[in-house]
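Asks: Let me see the structure of the following:
(chains A and B)
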Amino acid sequence: MSGSRGRLAAIRATIAALEAGGRPDAGVLPFGDEGLDGRLPGGGLALGRWHEIVGVGLEAETSAAPSAFAALMAAPLAKKGEAVWVLRRDDLWAPGLEGLGFPPERLIQVCARDEAEALAVMEDALGTVGVSAVFGEVEAVDLTAGRRLQLACERRGTTGFVIKRRPFGGTGKAEAAGSVTASRWRVKSAPSEPAADEFGLGAPRFEVALERCRGGRTGAWILEADRAYSWEAGDVAHPLRLVADLGDRELAPASGRRRAA
Amino acid sequence: MKQARRLAAVSREAMALGLHAGQKATDAAALVPDLVTADAEPEADAEALRALVDWCVRFSPAVAADAPDGLFLDISGVSHLWGGEAGMLADFRARLADNGLPFRLAIADTPGAAWALAHYGPDGTIASPGWQGELLRPLPPQALRLDPDAAAQIQRLGLRRVGQLMEIARAPLGRRFGRATLERLDQALGRSAEALAFRRPATPWVARLAFFEPISAPEDMARVTEDVTARLCARLEREGRGGRRFEIAFHRVDGKTPSLAVGLSLAGRDARRIARLLQPRLETVDPGFGIESVTICAYAVEAVSGRQARLDAGQDPAVEDGLAPLVDRLVNRLGPTRVFRARPRESHVPELSVGRDLPLETPTAETPPWDRETPRPVRLFRQPEPLEAVIALTPDDPPSQFRWRGRVHRVRRAEGPERIAREWWKQDIGDVSVRHVRDYYRVEDTGGGRFWLFRSGLYQPDEPARWWLHGLFP
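Replies: Model prediction:
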């Protein structure tokens, strides 16, 4: 058993080396929870790659939860450099990011006029020194655009976050058959659970499904924005906290990874 | 004075026949029976003068029109491009002559002296620095641009030369002919400064390239853009300065001058970077029959400290500067309103609490950051969207159910109200009304969606409450 596992690990390492093509590894950004990090190659969100975040239902148009999730994933990166957010609809609101713990003073917002321009600006920003994370709201990334983004990410080890967003009332473009994205996250807001003595709503919760992950395994979790809407927002190692594992039990036997709040 | 048609201007030929401007048309017709006259068009003349001023930018960026028929060119710091003032004057003369315009030229230290010499002195006079006084002496007093009354009185007293005025003591001169006369004399002699209204803001930071043959090929234009930028940037580099705005003008053979401008977020003098910002837009420049010279001006020039060349920069020259070139590329491609950084503004009104600054601008006023403890949405609609079929207990309970975009949402949890009113202290007392009050609630529906909604206006028993959705929480 352990022998086959060792061989499997060796093969994985060889494949990873082949995929990297001799590029320097930009490292990973761990979530800080072994259950989640264990599913991701290298034990965290791969840096120097681009990730895809999609919404569910109406959120595919409004993109509140997917954008907030992307911002929270990238918040530790924003502390290291500037972030660029390429918008199609001009409705991102900085005070909301501040409350979640993402520093809006490190964010440059760019309103692109069309899809092609949004992708071009993303590519430009990804290849720039001093930029650590680039967000882009686009409808679809085809294979060519995906490769271009990937090459731009590799130039400086910058991490890209493609937030899929379709125009209001639109049907959206057909999903590309293949994609070079490092991971795809499907994000939905989940009911909050305020503490017993709290009034109103609790901290924002997300139901997150890792649908695709290059060199890793898929999974589903409920994550909470840690310390959101408090003075300590953003002062934590990682602003996302694992609340529950919804993952498929066959691959990962449930071990009750539920941390005390 | 009676209404009479008078000659506004006369041609060289008419002048030879004894006609002069200001003469009555009937007198002129009596002198020259076959006189051809045309109605004066002051607007068209002014328009033509403006065009001539634009054309003159090829010689110096500081050109001021002197209505109705003159112009001033500030050539300090540019004449060396022609190998001296004489060379510049010769080139100017040749180009004006090509256009078929009659003209008189003079160069002097002050606008006043240059005006006097051009109008009353020998054509093409170049007054060496400090010597304009001697050259002005033999000229008539009108050369000082005096107002007609003072000029007439000076004439009556038998003073026929500027030199005679210069010999009168200042106090009696001012008393007798007015302060304006004294002022004009001082301006001509350089004792007091004269402000000219330049057509374009004066900048001493200008570079120019002229070609033997007019160019029009796109690749040539790209190359001269780079060359002329390099020339200007070399000067900026030598003097330790950088510009925030660069304007390049292409002087066409037919006298038109299309131009392009680019802005930088930080003052800079990297010729390649500036040229690269300009080059993609060169296709919008119509070269017409050819471009004979090109000028570039730097504006908002400020001191920029030099930078130590990086030792590891060999692998990629773009490493030198990251963010500033990116912002410049984006701003010049998308426009300055589309690239911004959100900054807090002091206001309770959600729409007014976010300001937009240029990305690399350091905030001028120290505004406290947004309150982290007050939950605010990440998406804020520009126009709040109306909610339908809202079920809510009056007067101030949050809705228990509402319909938005055709979908019914059942509210599971809610927070509020948070009352936000218009800033009544900023407007007229008459405009203040309870309508401009919003009660905001933060609600969560059964599916986990979180919304920021408000009821507009205060509760009125006889009026149905109106509900709006303003933003979305994650």
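
Asks: What's the first helix or strand after the helix or strand containing A:A70?
Replies: Using DSSP states H and E, A:A70 falls within helix A:65-78. Next in sequence after helix A:65-78, counting helices and strands by DSSP H and E, comes strand A:82-87.

Asks: Can I get that next one in PDB, CA atoms only?
Replies: C-alpha atoms of strand A:82-87 as PDB (Å, rounded to 0.1, in the frame of the first residue of the first chain):
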ATOM      1  CA  GLU A  82      -0.600  46.000  -5.600                       C
ATOM      2  CA  ALA A  83      -3.800  44.300  -6.800                       C
ATOM      3  CA  VAL A  84      -5.600  45.200 -10.000                       C
ATOM      4  CA  TRP A  85      -9.300  44.500 -10.600                       C
ATOM      5  CA  VAL A  86     -10.600  44.600 -14.100                       C
ATOM      6  CA  LEU A  87     -14.300  45.400 -14.200                       C
END
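
Asks: Contacts for it, please.
Replies: For strand A:82-87, the surrounding residues in contact (Cβ atoms under 8 Å, 6 or more residues apart in numbering or on different chains) are A:74, A:77, A:92, A:106-112, A:118, A:121-122, A:125, A:130-138, B:323, B:326. For every residue, glycine as well, the C-beta is placed using N, CA and C.

Asks: are any of those residues buried, and which?
Replies: The neighbour-count criterion (16 or more other Cβ atoms under 10 Å in any protein chain shown) marks A:74, A:77, A:92, A:106-112, A:118, A:121-122, A:125, A:131-138, B:323, B:326 among these as buried.

Asks: Let's see which of these end up in strands.
Replies: Members of these lying in strands (criterion: DSSP state E): A:107-111, A:131-138.

Asks: Adding distance to B:P68 and pLDDT, write these out as a markdown table.
Replies: Formatted as a markdown table, these follow (distance: Cβ to Cβ, whole Å; pLDDT from 0 to 100):
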| residue | distance to B:P68 | pLDDT |
| --- | --- | --- |
| A:L107 | 56 | 92 |
| A:I108 | 51 | 93 |
| A:Q109 | 51 | 94 |
| A:V110 | 50 | 94 |
| A:C111 | 48 | 93 |
| A:V131 | 57 | 90 |
| A:S132 | 62 | 90 |
| A:A133 | 62 | 93 |
| A:V134 | 58 | 95 |
| A:F135 | 60 | 95 |
| A:G136 | 58 | 94 |
| A:E137 | 58 | 93 |
| A:V138 | 59 | 91 |
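
Asks: farthest-separated two in those residues?
Replies: For those, the farthest-apart pair by Cβ to Cβ is A:C111 and A:S132; their separation is 21.1 Å.

Asks: Counting by contacts, list what the helix or strand hosting A:A60 packs against.
Replies: Here A:A60 sits within helix A:59-62, counting by DSSP H and E. The criterion is 3 or more Cβ pairs under 8 Å, 6 or more residues apart in numbering or on different chains; DSSP states H and E, and the helices and strands that helix A:59-62 contacts are strand A:50-55, strand A:183-190.

Asks: For chain B, find the nearest of those.
Replies: strand A:183-190 (4.4 Å; Cβ to the nearest Cβ).

Asks: pull the CA atoms of that closest one into PDB?
Replies: Written as PDB, here are the backbone C-alpha positions of strand A:183-190 (Å, rounded to 0.1, in the frame of the first residue of the first chain):
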ATOM      1  CA  SER A 183      -8.400  25.500 -10.400                       C
ATOM      2  CA  ARG A 184     -12.000  26.200 -10.800                       C
ATOM      3  CA  TRP A 185     -14.100  27.200  -7.700                       C
ATOM      4  CA  ARG A 186     -17.900  27.300  -7.800                       C
ATOM      5  CA  VAL A 187     -19.000  29.700  -5.100                       C
ATOM      6  CA  LYS A 188     -22.400  30.300  -3.500                       C
ATOM      7  CA  SER A 189     -23.300  32.200  -0.400                       C
ATOM      8  CA  ALA A 190     -24.400  30.000   2.400                       C
END
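
Asks: hmm, back to that, averaged pLDDT, the helix holding A:A70. What do you get?
Replies: Mean per-residue pLDDT for helix A:65-78: 92.

Asks: All set, thanks.
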